[in-house]
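Participant: starting from these lines, generate the structure:
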Amino acid sequence: MSSMVLGSGSCATVSASSMADGGAWRPPRTCEDYWSEWKHCKGIRNFFHNYYTYGEVPSCEQWKIDYSNCRKWEKSKSPDAKESLCKSERARILEKQKYDPVWKLRKTPPRDWYLPLGQDKSK
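Facilitator: Predicted coordinates for the structure are as follows:
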């Protein structure tokens, strides 16, 4: 649903100085984003899509845990909630990066790209 952009409040840029300053860090996504991702994941359309595509029911529990940790962070600035959110976001990024692209990108077009389709290229 929403795309994640790692910004100044991201887990990747957490430093010792920002850890000491409790208010400088903020979650990589808003709590509403975690909630809407969970709602989308639990939807019947996503259920069928995941079952058809991957042969299994989608696991939505992590979105709910992240939402809970986000709210916990907003209320009490809990270091455990912060670490859990960071760990979860890192896992999502690594999951996205482990798949190779389906198509190889061309650097240049084929030599006979201008020929009409269906014409014998061997002539």
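Participant: so, low pLDDT: which residues of this protein?
Facilitator: Across the chain, the ranges flagged by pLDDT under 70 are 1-23, 119-123.
Participant: where do the strands sit along it?
Facilitator: Shown for the chain, no strands are assigned by DSSP state E.
Participant: so where's the longest helix in it?
Facilitator: The residue-count maximum for a helix in the chain (DSSP state H) belongs to helix 79-97.
Participant: list the buried residues of that one.
Facilitator: 81-82, 84-86, 88-89, 93 (16 or more other CB atoms under 10 Å). Every residue, glycine included, has its C-beta placed from N, CA and C.
Participant: residue 44: which of those is nearest?
Facilitator: residue 88 (24.9 Å; CB to CB).
Participant: residues contacting that closest one?
Facilitator: Contact analysis of residue 88 by CB atoms under 8 Å, 6 or more residues apart in numbering lists 62, 65-66, 69.
Participant: would you mind giving these as a markdown table with distance to residue 77 and neighbour count added?
Facilitator: Shown next, in a markdown table, are the contacts of residue 88 (distance: CB to CB, whole Å; neighbours: other CB atoms under 10 Å):
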| residue | distance to residue 77 | neighbour count |
| --- | --- | --- |
| 62 | 22 | 15 |
| 65 | 18 | 16 |
| 66 | 16 | 26 |
| 69 | 12 | 23 |
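Participant: what is the nearest of these to residue 116?
Facilitator: Distances from residue 116 to these, taken by CB to CB, are shortest for residue 62, at 51.4 Å.
Participant: skipping adjacent residues, who's closest to the closest one in space?
Facilitator: residue 88 (6.1 Å; CB to CB, 6 or more residues apart in numbering).
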